[in-house]
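Enquirer: When you get a sec, could you give me coordinates for this:
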Amino acid sequence: MRNKINGIAVCNPVELDREYMLFTADYAIAHGINHYQIVGPIHNPEKGNIDGMTFYRKYSQFNDEKNAEYVRFCESVVNEVCDKLFLAGIKTYMWHHELEVPIRFKEAFPEILNESGDVEVTHPLIRDFLENKLADFFAAYPKIDGVILTLHETRIPLLKLKNQKLSKMDRVKYVTEILYNTCKKLGKELIVRPFASIEEDYEMMTKAYEQISEEMVIMDKWTQFDWSLTLPENRFFNKIKKNPLLVETDIFGEYFGLGKLPIMLKHHIEKNYSYCEKFSPIGYMSRIDRANYHSFGDVNEVNYSIMEAHQNGEDVDAAIDAFFAERYGDAGTDVRRLMENTEDIQRRIFYLNNYYFTQGSRFPHINHSKNHFFFEMMKEEHYLLSREWFIPKDWERGSIEQLLEEKASAVADCIKDTELLAALEGRIPDEEYLSLKDKFQNLYYVALAWQQLTKVFISYTKYFEVGGQHYEDELNAALSALETVDSEAVSVLGDKFYIRALKVDQLGRHCSDSPILTFIDEVKTSFAIDREATARLSAEDLCDYVVCGSAVEGHKLKKEVNFSDTYLFEDGVCRIPGTNRGTSFSVVNTHGWFGYEMKVRPLCQNTITVTAKGSNGNICFKLTVNGEEFEINEAFDGKKEFTFLFDEKQGKDTADIRIDRITGFTPFIYEIKIK
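Expert: From the prediction side, this is the model:
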């Protein structure tokens with residue numbers, strides 16, 4: 001096992017911190033870790049990736065787009081940490097996402113753009129820029145051994161670009177090969193992550209990597225697609241036939257508590273480690289932090305001991321007992337007993353019958369709730385047809401009563417744990433007891449919050465599905481109970497309350513101090529808009545209609561995971577073909593689509609009316625009806641109705657309606673009516 005990679009990843013995905021990096025470097029040295037990855041603020045367009053920590057030489061005219069102070073800080077701190085790790089024989093790597101070019105690159109070199117306004121990947125300037133960027137990076141950080149490459153979440157969406165000379169797979173090969181060969185020429189390594197949202201992209205990328213070089217290491221998550229306690233083991237490992245596999249793990253709880261809630265991942269780690277070993281990986285790289293949170297110095301550090309025991313072939317239970325005995329003395333056995341059920345409790349809180357029912361274990365925004373079908377799933381006739389990785393295969397919801405019982409059981413177990421915790425007072429140091437108390441009180445209030453959250457979705461949906469004042473009263477009662485949970489939790493925990501403490505979202509953006517209160521306001525506003533729109537449209541003589549972006553839009557909504565967002569505006573609700581992160585991730589933001597299955601009048605002409613608003617005074621979108629395309633591209637401020645005629649000739653009473661983004665201007669789609 002000692003010959004295998006035993007790695008950790010730090011600063012995920014936040015600005016680098018000298019004290020923490022030196023601490024984790026010492027931790028790596030003390031624990032026999034031989035592989036150290038630095039993530040950094042990869043989603044920050046100014047400071048992220050190797051671009052944000054490197055002064056360009058040949059392309060120095062773009063250095064004014066950088067935060068010079070942060071670059072100089074990185075040059076100092078990263079090299080200091082690398083020197084320390086180098087002396088200990090530990091390899092160091094930096095995370096990086098492509099395709100990235102400076103914001104003004106397309107203005108300085110307009111020849112790189114094609115007729116769609118997208119970057120043409122094969123233009124020689126792109127190759128030259130990528131080669132020089134890597135050379136500049138390794139010149140500034142000579143002891144970094146390589147780069148960890150991800151081809152997503154970038155300014156230029158490589159897999160989504162329009163009118164390219166190369167196919168999607170050939171684009172992946174082209175860009176990756178430039179980086180691989182440049183690294184090899186400089187005596188460095190390129191490790192690739194086939195991190196993709198949909199299955200065919202994943203398979204395409206792994207095939208492309210194999211064709212570039214069978215020596216190139218592929219690093220992939222041990223759960224399929226992303227992090228979750230309910231996602232299955234990564235079956236895509238079967239697709240990695242010839243390349244070395246480095247397994248990426250999360251032993252911290254990135255999407256289950258962020259280290260602020262108690263969780264002992266004994267079952268999760270054991271199950272996934274056992275599965276991964278079947279593929280003879282060259283080692284493991286474990287995420288040990290997220291968004292400035294980590295588990296060093298508290299009870300959740302037990303998960304590091306569990307992973308270490310698996311990698312060293314040691315007795316896991318003995319390692320767990322040793323951790324608790326060393327930390328809590330004679331009370332260690334009882335603290336372990338307190339922690340034994342925490343993984344299962346979090347499953348019942350953050351998931352709905354094993355369905356991903358949260359927002360990275362944060363309290364969800366209403367946009368997230370609509371896009372992840374939290375309203376739709378409460379219908380007796382629910383349709384979850386989008387290609388979403390978080391929907392378990394062959395998922396069956398069960399009864400509403402079973403869902404409520406799942407949440408109630410989590411609350412009940414949290415109450416039992418508070419009783420076990422109280423018995424520990426005086427048996428362990430006060431500081432340790434208060435730390436445990438904060439975690440378990442948070443778990444209790446989080447369980448209460450998700451219990452009421454479930455009731456919100458149920459009553460909201462039932463009002464529109466069944467009707468009646470009864471369900472509106474239940475909705476208001478659940479919202480009131482949510483507000484009470486927030487108030488009581490803050491009175492007990494103050495700024496330590498989990499839901500309020502997480503004021504920075506997954507992209508490093510500051511959020512509301514009270515996500516629960518924000519959610520309540522959004523639900524009330526959305527409910528009023530949905531009720532008005534539904535009543536108005538129902539009164540018209542329509543074959544069918546959709547209130548796009550509403551909590552009750554239904555109609556077998558189709559989209560790609562994470563690539564369609566809803567908005568709640570004063571003039572209504574709407575959906576966009578794309579993501580609200582596109583404005584920061586994509587300079588040329590032409591990707592995104594969504595669609596519905598709507599009723600039509602068979603064997604006759606149908607009138608389709610789309611109500612839309614554009615961005616920057618431009619309304620641009622493509623409407624496709626059963627393969628027949630209509631394009632809108634015009635200058636207009638405000639909302640406007642567009643009418644299309646569709647002849648149904650096949651005798652079918654439904655049609656597939658799809659909206660695509662076709663330019664960099666975002667179309668906001670409010671309603672679709674068929675008459």
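
Enquirer: measure residue 88 to residue 82 for me?
Expert: 11 Å (C-beta to C-beta, to the nearest Å). The C-beta positions use only the backbone N, C-alpha and C, and glycine is treated the same way.

Enquirer: okay, those two: which has more neighbours?
Expert: Neighbours were counted for residue 88 and for residue 82 using other C-beta atoms under 10 Å; residue 82 has more, 23 against 14.

Enquirer: On the secondary structure side, give me the element for that one.
Expert: Assigned by DSSP states H and E, residue 82 belongs to helix 68-87.

Enquirer: And that helix, what does it pack against?
Expert: helix 18-30, strand 35-38, strand 91-97 (3 or more C-beta pairs under 8 Å, 6 or more residues apart in numbering; DSSP states H and E).

Enquirer: pull the helix or strand with minimum mean pLDDT from the protein.
Expert: helix 582-585 (a mean of 44; mean pLDDT, DSSP states H and E).

Enquirer: And whichever helix or strand comes after that helix, what does it pack against?
Expert: Next helix or strand after helix 582-585 toward the C-terminus (DSSP H and E): strand 593-599. Where contact means 3+ C-beta pairs under 8 Å, 6+ apart, strand 593-599 is packed against strand 544-547, strand 558-559, strand 654-660, strand 668-674.

Enquirer: Where among those strands is average confidence lowest?
Expert: Mean pLDDT values for the helices and strands packed on strand 593-599 show the minimum at strand 558-559, a mean of 91.

Enquirer: Can you tell me the strand partners of it and which way each runs?
Expert: Here strand 558-559 is paired, per DSSP bridges, with strand 593-599 (antiparallel).

Enquirer: among the helices and strands packed on strand 593-599, which is nearest residue 307?
Expert: Checking those against residue 307 by C-beta to C-beta gives strand 558-559 as the closest, at 35.6 Å.

Enquirer: So for residue 230, what pLDDT did the model give?
Expert: 84.

Enquirer: Okay, it and residue 358: tell me how far apart.
Expert: 11 Å.

Enquirer: Common neighbours of these two, please.
Expert: Residues touching both residue 230 and residue 358 by C-beta atoms under 8 Å, 6 or more residues apart in numbering: residue 351.

Enquirer: out of these two, which sits in the busier spot?
Expert: residue 358 (25 against 18).

Enquirer: which residues does the nearest residue to the more buried one once chain neighbours are set aside contact?
Expert: What sits nearest to residue 358 in space, not counting adjacent residues and going by C-beta to C-beta, 6 or more residues apart in numbering, is residue 350, at 4.3 Å. Shown in contact with residue 350 (C-beta under 8 Å, 6+ apart): 229, 256, 357-358, 361, 450.

Enquirer: out of those residues, which one sits closest to residue 163?
Expert: residue 358 (38.2 Å).

Enquirer: before we move on, back to that, on the pLDDT front, check the residue nearest to residue 358 for me.
Expert: 94.

Enquirer: got it, and residue 508?
Expert: At residue 508, pLDDT is 44.

Enquirer: What of residue 1?
Expert: pLDDT, residue 1: 49.

Enquirer: One more: residue 590?
Expert: 48.

Enquirer: mind listing the strands for the stretch 101-250 of the chain?
Expert: 146-150, 189-193, 218-221, 245-250 (DSSP state E, counting those that start in this stretch).

Enquirer: how about those in CSV, adding mean pLDDT, distance to residue 610 and mean neighbour count?
Expert: What follows is those, written out as CSV (pLDDT from 0 to 100; distance: least, C-beta to C-beta, whole Å; neighbours: other C-beta atoms under 10 Å):
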stretch, mean pLDDT, distance to residue 610, mean neighbour count
strand 146-150, 98, 36, 22
strand 189-193, 98, 38, 22
strand 218-221, 97, 39, 24
strand 245-250, 97, 42, 22
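
Enquirer: looking at those strands, which is closest to residue 42?
Expert: Taking C-beta to C-beta, strand 146-150 is the member of these nearest to residue 42, at 7.9 Å.

Enquirer: Pull out the CA atoms of stretch 50-67 and give them to me as CSV.
Expert: The C-alpha coordinates for stretch 50-67 follow below in CSV (Å, rounded to 0.1, in the frame of the first residue of the first chain):
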residue,chain,number,x,y,z
ILE,A,50,-3.2,28.8,-12.8
ASP,A,51,-4.3,32.0,-14.7
GLY,A,52,-5.1,33.7,-11.4
MET,A,53,-1.7,32.9,-9.8
THR,A,54,0.6,33.5,-12.8
PHE,A,55,1.9,36.7,-14.5
TYR,A,56,2.0,36.0,-18.3
ARG,A,57,5.2,36.8,-20.1
LYS,A,58,4.4,36.7,-23.8
TYR,A,59,0.8,37.8,-23.2
SER,A,60,1.7,40.3,-20.5
GLN,A,61,-0.8,42.9,-21.9
PHE,A,62,-3.5,40.9,-20.1
ASN,A,63,-1.8,41.0,-16.7
ASP,A,64,-3.9,44.0,-15.6
GLU,A,65,-6.9,41.6,-15.5
LYS,A,66,-5.2,39.8,-12.6
ASN,A,67,-5.1,40.7,-8.9
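
Enquirer: May I see the buried residues of that stretch?
Expert: 50-56, 59, 62, 66 (16 or more other C-beta atoms under 10 Å).

Enquirer: Closest to residue 625 out of the residues you listed?
Expert: residue 51 (42.0 Å).

Enquirer: In this structure that closest one contacts residue 99, no?
Expert: No - Residue 51 lies out of contact with residue 99 (C-beta atoms under 8 Å); the separation is 11.0 Å.

Enquirer: Do me a favour and average the pLDDT over stretch 62-78.
Expert: 98.

Enquirer: my bad, stretch 615-627
Expert: 93.

Enquirer: what does stretch 29-49 give?
Expert: 94.

Enquirer: Please state the offset of it from the chain centre?
Expert: 18 Å (C-alpha atoms, centre = their mean, to the nearest Å).

Enquirer: before we move on, what about stretch 280-294?
Expert: So, by C-alpha atoms, centre = their mean, the centroid of stretch 280-294 is 16 Å from its chain's centroid.

Enquirer: ok so, going back, right, so the helices and strands packed on helix 68-87: which one is the most enclosed?
Expert: strand 35-38 (a mean of 25; mean count of other C-beta atoms under 10 Å).

Enquirer: Just checking: what are the partner strands of that strand?
Expert: strand 5-10 (parallel), strand 91-97 (parallel).

Enquirer: So which of the contacts of residue 350 is the closest to residue 534?
Expert: residue 357 (25.4 Å).

Enquirer: wait, doesn't that closest one sit right on residue 369?
Expert: No - when contacts are counted by C-beta under 8 Å, residue 357 is not listed as touching residue 369 (9.5 Å).

Enquirer: hang on, residue 558 packs against residue 388?
Expert: No - counting by C-beta under 8 Å, residue 558 stays clear of residue 388, with 10.1 Å between them.

Enquirer: Would you quantify the distance from the residue nearest to residue 358 to residue 453?
Expert: 11 Å.
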